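Student: Predicted model, plus sequence, below.
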Amino acid sequence: MVVPEEVISEICRVALLAPSAMNAQPWQLVAVMGERRAEVAKTLQRMGMNKFVSRASALIVVASDKSGGIMRAGEVLRENEFVKNDLGILTAHLVLAAESAGVGSCILGWRDEEALRTLLGLGKEVIIPEVVALGYPAEDYPVREKKRKPLEKTFTLLK
Ligand SMILES: Cc1cc2nc3c(=O)[nH]c(=O)nc-3n(C[C@H](O)[C@H](O)[C@H](O)COP(=O)(O)O)c2cc1C
């Protein structure tokens, strides 16, 4: 079943409540549904990768805003390019909002960024770190087991 347009739009609306450094909101989400999905899917499938994205209901392109996220004074001072952090946080909100709506997701970093920019008419200054595929999970498909590094390798509690 295809996820309805209203559900996809609501997931994006909720995701866009994400926080960003200095509340700059240096982002744009482009939800691609219907016929235009195929051309976006191709940009995610180079070298035979990500075949499953052809079956997604929507492909959400996570991009910086049209200024490319102009360096903010705080970034220069802190030597920290916040836009990539902001887009990562937005992506996390997007997949969590999808989960809350009963929609499955996969973050796709294997993408042809230049081809995506051309397809969507976005300028060279715009970065597209990832695309998120959304769709209803197949009923007969088992949720795969979470494989994570042991906690003692990735978590430290200092007192
Ligand atoms: C930045 C980023 C890029 C990713 N790119 C891809 C991708 O191109 N194709 C894919 O199948 N999965 C991709 N993934 C999904 C990861 O492989 C997945 O989140 C990880 O294996 C953990 O999966 P799990 O939560 O189901 O255990 C990406 C995840 C992230 C966070």
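Tutor: Okay, I see it. Residues are numbered from 1 along each chain as shown.
Student: Do I have it right that Tyr136 meets Met1?
Tutor: Yes - Tyr136 is in contact with Met1 according to CB atoms under 8 Å; the separation is 5.5 Å. Glycine gets a C-beta too; all of them are placed from N, C-alpha and C.
Student: More neighbours: which of these two?
Tutor: More neighbours surround Tyr136 than the other of Tyr136 and Met1, with 14 against 6 (other CB atoms under 10 Å).
Student: Contacts only, for that one.
Tutor: 1, 3, 57, 102-104 (CB atoms under 8 Å, 6 or more residues apart in numbering).
Student: near the ligand, from those?
Tutor: Among the contacts of Tyr136, no residue lies close to the ligand (CB under 6 Å from any ligand atom).
Student: Would you convert these into TSV that also reports secondary structure and pLDDT?
Tutor: TSV is the format used below for those (DSSP: H, G, I helix; E, B strand; the rest coil; pLDDT from 0 to 100):
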residue	secondary structure	pLDDT
Met1	coil	93
Val3	coil	98
Ser57	coil	98
Gly102	coil	96
Val103	coil	97
Gly104	strand	96
